[in-house]
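>>> I'd like to go over a predicted model; first the sequence, then the structure.
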Amino acid sequence: MESQSRNVWIKEGDPSKLGALYKDGYEDILEERRHTSDFRWCTRSRNVQFYQYRHPRNPKQIKDSVLSSDRVQYAIEQVIQESGTTPEETENQVHSILDEMAHNLNLSSVRCLAYVLTKIIKRLYRRIYVNEEGIDTVRTLIKEYPVLLMPSHRSYTDFLVMSYLFYHYDLPLPVIAAAMDFMGMKFVGTLLRNCGAFFIRRSFGSDKLYWAVFTEYVQTQMCNGDAPVEFYVEGTRSRTSKSLSPKIGMLKASLEPYFKAHCPDIMVIPITVSYDRILEENLYTYELLGVPKPKESTSGLLKARSILSEDFGNIHICLAPPISIRTFSEGKINRHIHSLSPRYIASLTKDEEVLLKDLAFVVILTQQKHAVISPWALIASVLMQKTNGVQFEELVKDVEWLKRQASNCGAYVDWPGNESPEHVIRTRLLFHSNKLTISDEDLVELKQISPPSHVDNKTSKDTIISTAAMHVMTSLYRNQLLHVFVRIAMVTIPVNSCLQETLSINSLFEQYTFLETILSREFIFQPGKTREDFNKVLVLLQHAGGLVIDEERNIKIKQSVNKYTTFMSIMFKPFLLGYWVVCQYLLSLAGGNLDARPLARKAKQMRIETQQLILGLLSEGIIKHYEILSLDLIGNALDSLVDMGVISREKRIQDIYFVPQCAKVSRIAAKIESMTEVPATHITDFSTFIIRTVTAKL
């Protein structure tokens, strides 16, 4: 595929001056702010074009519309009948929910935040690049259709930057679905509410009133086009820089008006926000290792002001081509079926549920497609395979090679075309000097990182935890590249581990399918596209010389094992090893007896005990991959095994317990063993490690 390195000057003039401002259709929106008055910019008159069928309403009128809606009134009647509460009590509950939830968007607060945010952003970031074509498209669409903004979510910075972006371009400011965590922050919570944030609970359960108010609040703004609605399809921030499995609750509420013919069409705009350096990299690292994150608070925010002296590089924001729901759903659903029931009763057909799930996956895959890969992500990928250090000259060669492979796969690599590879890599190493050292002999090594202030002294001095933190933080940036290569690796792993001279395509596909199934919580695979993805990878690998296939459609193993297939396999080995260790933990609960039934455990207990087991294995030197200590990896492995029916769920009173089916676990472990190198340790030994490390605390 054609390389997409950023090496094209698109404006006339001196490239040395314009190159940093404009590249490949991206514009830096911070440069002007560094040379003109921030106050004048924030208080300027804004020429905003709204949805053409919008009836102007203020936040109070939106709330009144929700309260008087058929949906909410119907829910009130239901609750009164079912619970026996008085109409006054039930209506007070509705008012309370709406007051807690609703935004209070007003321009005065927006201008205030814009001024403060401009000062902060200019201190933190060098440039914010935005694709101009995406902005032009949104400017046109927003006048003709209700718009859903669906950004990727890697940092708290995401929603602030999105609002800043729309303010900069005189676009209608979005209303943003925010977690309740922010609402309790003094002053900050109020300011965010006044700038368009509406706060929703993470779980509604069976609360009919809350569901009704939430659904109506979202839909009335969609249908009237009060403002673009923004939310994160992943549901929460990704602490690992990998995309999370989509959550469709908010998507369902937002698109139901189209299914029930309230809106002729809705435009969904996937947005990718890519960071050179993640603001919360330290917090994420220790949170993944089991250290609870500090509660969001205004005092905590003020204490964190020391980061204003640090350099976090560039942000790239790509607004992808819009997805028309009318076009996307054509021939897949029958909207006429909803004419048989009142529109305010929430009811979607099975076809519509499937469509929403497909759309959610398409949005995330689109976000991945438009991600900007930084040189540091390439460097981190190499360093994760050379944890004992690598000579600078060798590092340059490996990074250049990896850049070519990523570009050939369609990745968008932010590689300056007017700089030598040595200069690009050395400047990025200096930029991330908090994570590595460069000796006088040009040996590049990872170094231990400084823990956040909330980490206790015992944890910060623990050698294994400190080493794991160093590896986990580096993996956050390597992970930005994994979506590019994961399907390739699911082909190269079986090829590299094959002990025969040839491997049939059918056998390879079976192993590819197994890997996609077990890693489905770790990476994003669109349902129903397994065979299509597999065939595309075969073509790509053949073209790149990574696979040699004979006339009988068998893979020649000896000719197919090379640097390409080996590098890709090693890149994903930690995930397979981590999943294998999880299987060993589950088997150890029954003492290695496949017919025994272990005691049921809660998921949290399983995660903690597995992490304790990994601590023991690392301290004994049995395994070397410190990143598998991540609670995210452990949790994904357990969830995947539940999805596969390998772990059974049992509901007891209010809690959910899990029981591994040891025979099935053993078969999964054996399949993993056939694909990657694992420690030669008998499963009953792991019980000893658990007992030895049961008192270990992170």
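Done, it's in. Residues are numbered from 1 along each chain as shown.

>>> where's Ser339 relative to Ile120, distance?
Ser339 sits 51 Å away from Ile120, going by Cβ to Cβ, to the nearest Å. C-betas here are computed from N, CA, C, even on glycine.

>>> Could you report the pLDDT at Lys295?
Listed pLDDT for Lys295 reads 75.

>>> check contacts around it.
Lys295 is in contact with Asp181, counting by Cβ atoms under 8 Å, 6 or more residues apart in numbering.

>>> circling back to that earlier point, Ser339 and Ile120: who's more crowded?
Ile120 (14 against 9; other Cβ atoms under 10 Å).

>>> Quick check: which element contains that one?
helix 107-124 (DSSP states H and E).

>>> what's the average pLDDT for that helix?
pLDDT averaged over helix 107-124 gives 93.

>>> continuing past it, what's the next helix or strand?
In the C-terminal direction from helix 107-124 (assignment by DSSP H and E), the next one is strand 127-131.

>>> For that following strand, C-alpha coordinates in CSV please.
Taking Å, rounded to 0.1, in the frame of the first residue of the first chain, the C-alpha atoms of strand 127-131 are listed here in CSV:
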residue,chain,number,x,y,z
ARG,A,127,1.0,22.0,18.2
ILE,A,128,-2.6,20.8,17.7
TYR,A,129,-3.0,19.5,14.1
VAL,A,130,-6.5,19.2,12.6
ASN,A,131,-7.4,17.9,9.2
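
>>> what does that strand contact?
Contacts of strand 127-131 (Cβ under 8 Å, 6+ apart): 20, 23, 25-31, 121, 161, 164-165, 314-319.

>>> Direction included, what does that strand pair against?
Strand 127-131 sits in its sheet next to strand 26-28 (antiparallel), strand 314-319 (parallel), going by DSSP bridges.

>>> deepest of those, which one?
strand 314-319 (a mean of 24; mean count of other Cβ atoms under 10 Å).

>>> tell me how far whatever helix or strand comes next after it is from the chain's mean position?
On the C-terminal side of strand 314-319, the closest following helix or strand by DSSP H and E is strand 323-324. Mean-position distance between strand 323-324 and its chain equals 21 Å (Cα atoms, centre = their mean, to the nearest Å).

>>> now the strands for the stretch 1-150 of the chain?
22-23, 26-28, 127-131, 147-151 (DSSP state E, counting those that start in this stretch).

>>> shaky segments in the stretch 451-600 of the chain?
Scanning the stretch 451-600 of the chain for pLDDT under 70 picks out no residues.

>>> Remind me what the helix holding Ile120 packs against, helices and strands.
helix 38-42, helix 157-168, helix 188-194 (3 or more Cβ pairs under 8 Å, 6 or more residues apart in numbering; DSSP states H and E).

>>> Make CSV from these and add mean pLDDT to it.
CSV is the format used below for the helices and strands packed on helix 107-124 (pLDDT from 0 to 100):
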stretch, mean pLDDT
helix 38-42, 95
helix 157-168, 94
helix 188-194, 89
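
>>> State the next helix or strand along the chain beyond the biggest strand by length in the chain.
Longest strand in the chain, counting residues (DSSP state E): strand 267-275. Moving toward the C-terminus from strand 267-275, the next helix or strand (DSSP H and E) is helix 281-288.

>>> Quick check: which helices or strands does that following helix pack against?
helix 463-497.

>>> how distant is the helix it packs on from the center of its chain?
For helix 463-497, the distance to the chain centre is 15 Å (Cα atoms, centre = their mean).

>>> buried stuff in the following helix or strand past it?
The helix or strand immediately downstream of helix 463-497 is strand 502-504, counting by DSSP H and E. Within strand 502-504, the residues that qualify as buried are Thr502, Leu503, counting by 16 or more other Cβ atoms under 10 Å.

>>> Could you number the chain from 451 rather than 1 from now on?
In the new count, where the first residue is 451, that last one comes out as strand 952-954.

>>> partners of strand 952-954, with directions?
In the sheet, strand 952-954 lines up with strand 1004-1006 (antiparallel) (DSSP bridges).

>>> Run the chain-centre distance for the partner strand.
Distance, centroid of strand 1004-1006 to centroid of chain: 36 Å (Cα atoms, centre = their mean).

>>> ok, for Thr837, nearest residue in space, not its chain neighbours?
Leu896 (6.5 Å; Cβ to Cβ, 6 or more residues apart in numbering).

>>> ok, that neighbour touching Thr924?
Yes. Counting by Cβ atoms under 8 Å, Thr924 is a contact partner of Leu896 at 6.0 Å.

>>> shared neighbours, these two?
Leu833, Lys885.

>>> neighbour count winner among the two?
Thr924 (25 against 20).

>>> Under the pLDDT cut-off, which ranges of the protein? List them.
In the chain (pLDDT under 70), the answer is 451-471, 746-754, 1132-1148.

>>> thinking again about what came up before, so for Asn1043, which of the strands paired with strand 577-581 sits nearest?
With respect to Asn1043, and counting by Cβ to Cβ, the nearest of the strands paired with strand 577-581 is strand 764-769 at 53.2 Å.

>>> got the angle for that closest one vs helix 557-574?
Interaxial angle of strand 764-769 relative to helix 557-574 (axes from the mean of the first three to the mean of the last three Cα atoms, to 10 degrees): 130 degrees.

>>> close enough to count as contact, Asp848 and Val832?
Yes. In this structure, Asp848 is within contact of Val832 by Cβ under 8 Å, at 4.6 Å.

>>> So for the two, which residues contact both of them?
Common neighbours of Asp848 and Val832 (Cβ under 8 Å, 6+ apart) are Val840.

>>> How is Leu1088 assigned, secondary-structure-wise?
helix (DSSP: H, G, I helix; E, B strand; the rest coil).

>>> Tell me how many other residues surround it.
Neighbour number of Leu1088 under other Cβ under 10 Å is 23.

>>> what's the distance between the nearest residue to it once chain neighbours are set aside and Leu1036?
In this structure, Leu1088 finds its nearest non-sequential neighbour in Met1056, 5.8 Å apart by Cβ to Cβ, 6+ apart. To Leu1036, Met1056 is 8 Å away according to Cβ to Cβ.

>>> Looking at these two, which is more packed in?
Leu1036 (30 against 22).

>>> ok, back up a step: adjacent strands (with direction) for the longest strand of the chain?
strand 597-601 (parallel), strand 764-769 (antiparallel), strand 773-774 (antiparallel).

>>> Let me know the next secondary structure element after the last one.
Same thing as strand 773-774. Immediately after strand 773-774, counting by DSSP H and E, sits helix 775-779.

>>> what sits up against that next one?
So helix 775-779 is contacted by Leu705, Tyr708, Pro714, Asp715, Ile716, Met717, Val718, Leu805, Leu809, Val812 (Cβ under 8 Å, 6+ apart).

>>> Pretty sure the fourth one sits against Tyr708.
The one in question is Asp715. Yes. Taking contacts as Cβ under 8 Å, Asp715 lies within contact range of Tyr708: 6.8 Å.

>>> Between the two, which is the more surrounded one?
Neighbour count, other Cβ under 10 Å: between Asp715 and Tyr708, Tyr708 has more, with 22 against 14.

>>> how about the contacts of helix 775-779 in JSON lines, adding distance to Gln669?
Compiled in JSON lines, those are given as follows (distance: Cβ to Cβ, whole Å):
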{"residue": "Leu705", "distance to Gln669": "9"}
{"residue": "Tyr708", "distance to Gln669": "10"}
{"residue": "Pro714", "distance to Gln669": "15"}
{"residue": "Asp715", "distance to Gln669": "15"}
{"residue": "Ile716", "distance to Gln669": "11"}
{"residue": "Met717", "distance to Gln669": "16"}
{"residue": "Val718", "distance to Gln669": "15"}
{"residue": "Leu805", "distance to Gln669": "18"}
{"residue": "Leu809", "distance to Gln669": "17"}
{"residue": "Val812", "distance to Gln669": "22"}
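
>>> Out of the residues you listed, flag the one nearest to Tyr660.
Once Cβ to Cβ is applied, the member of the contacts of helix 775-779 that ends up nearest Tyr660 is Leu705, at 19.6 Å.
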